[in-house]
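Enquirer: okay, here's the prediction I keep looking at, along with the sequence it came from:
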Amino acid sequence: MKKRNLEMILERLDGFASPDPRLEQYSTPAPVASQLLYSALLRGDLEGTVCDLGSGTGVLAIGASLLGARAVGVEIDPSAIRIARENARRVGADTQFVRGDVATIGLKSVSTVVMNPPFGAQKGSFGDRAFLRKAVEVADVIYSIHNCGSEGFIRRFVEPCKVEEVKKIAFPLKRSFKFHTRDLQVLEVELYRIFCR
């Protein structure tokens with residue numbers, strides 16, 4: 001499947017019905033998801049099992065599945081899991097979704113973790129630390145999206161894993177909550193490839 005075709009499919013997926021600001025529930029935009037997933041595909045990192053930590057409505061897990069991965073999403077919100085399962089069914093993606101807290105869920109080792117973790121911008125959010133900790137524990141390779149300016153922290157936090165690549169990308173954020181002042185805000189974020197084993 002071509003990158004543009006994947007992006008078009010992911011654009012049709014349903015987002016959160018009632019996003020929770022404490023969980024920083026923002027759907028990963030289709031162009032960002034397809035860029036992350038194609039980076040992984042071109043490096044052979046979608047072979048084996050791919051786990052989307054904090055999968056939300058399933059964009060990354062479903063996209064990985066459509067590109068041939070054996071994909072599983074881990075999500076704490078049962079409402080988001082229902083939407084993710086329906087999204088997967090609708091586009092014919094064989095994707096498994098498991099309810100669990102990323103910090104405490106027992107996971108077997110996986111080839112690759114793909115994730116768009118909470119950035120920790122909202123009061124009550126646990127941020128990206130639990131997600132990074134679990135990813136380092138279970139994955140050979142990690143693809144993760146973080147706030148710009150996070151590189152020093154990420155490099156220290158994931159040791160002894162190695163940050164192999166950091167790309168700055170545009171992240172179009174649609175109005176999701178009452179406190180958003182614009183219909184669309186484009187953030188600059190960093191896409192990381194982290195090698196662990």
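Expert: Yep, that arrived.
Enquirer: contact partners for the residue nearest to residue 128 when sequence neighbours are not counted?
Expert: In this structure, residue 128 finds its nearest non-sequential neighbour in residue 117, 4.1 Å apart by C-beta to C-beta, 6 or more residues apart in numbering. Every C-beta, even on glycine, is put in place using the N, C-alpha and C of the backbone. Shown in contact with residue 117 (C-beta atoms under 8 Å, 6 or more residues apart in numbering): 53-54, 127-128, 131-132, 144-146.
Enquirer: where does the protein have low pLDDT?
Expert: Flagging of the chain using pLDDT under 70 yields the residue ranges 19, 21-25, 119-126, 174-185.
Enquirer: what bridges to the spatially most central residue of it?
Expert: Most central in the chain under C-alpha atoms, centre = their mean is residue 115, positioned 2.5 Å from the mean C-alpha point. Per DSSP bridges, the residues bridged to residue 115 are residue 144.
Enquirer: ok, back up a step: narrow the contacts of residue 117 to those in helices?
Expert: 131-132 (DSSP state H).
Enquirer: still on that earlier bit, does the residue nearest to the centre of the chain really touch residue 145, like I thought?
Expert: Yes - at 7.3 Å, residue 115 counts as touching residue 145 under the criterion of C-beta atoms under 8 Å.
Enquirer: how far away is the spatially closest residue to residue 70 that is not a sequence neighbour from residue 109?
Expert: Once flanking residues are discounted, residue 70 sits nearest to residue 49: 4.9 Å by C-beta to C-beta, 6+ apart. The gap separating residue 49 from residue 109 is 8 Å, by C-beta to C-beta, to the nearest Å.
Enquirer: neighbour-wise, which of the two wins?
Expert: residue 49 (20 against 13; other C-beta atoms under 10 Å).
Enquirer: my guess is the more buried one contacts residue 68, does it?
Expert: No - under the criterion of C-beta under 8 Å, residue 49 makes no contact with residue 68, lying 12.0 Å away.
Enquirer: which residues of the protein fall in helices?
Expert: Going by DSSP H, the chain shows helices at 3-11, 30-42, 59-66, 78-91, 129-138, 151-157.
Enquirer: mind putting these into TSV with mean neighbour count and distance to residue 190?
Expert: As requested, the helices of the chain are exported to TSV (neighbours: other C-beta atoms under 10 Å; distance: least, C-beta to C-beta, whole Å):
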stretch	mean neighbour count	distance to residue 190
helix 3-11	16	20
helix 30-42	21	11
helix 59-66	29	16
helix 78-91	18	24
helix 129-138	19	13
helix 151-157	14	7
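Enquirer: could the ones you listed go into JSON lines alongside distance to residue 170?
Expert: Output for the helices of the chain, formatted as JSON lines (distance: least, C-beta to C-beta, whole Å):
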{"stretch": "helix 3-11", "distance to residue 170": "14"}
{"stretch": "helix 30-42", "distance to residue 170": "8"}
{"stretch": "helix 59-66", "distance to residue 170": "16"}
{"stretch": "helix 78-91", "distance to residue 170": "24"}
{"stretch": "helix 129-138", "distance to residue 170": "22"}
{"stretch": "helix 151-157", "distance to residue 170": "17"}
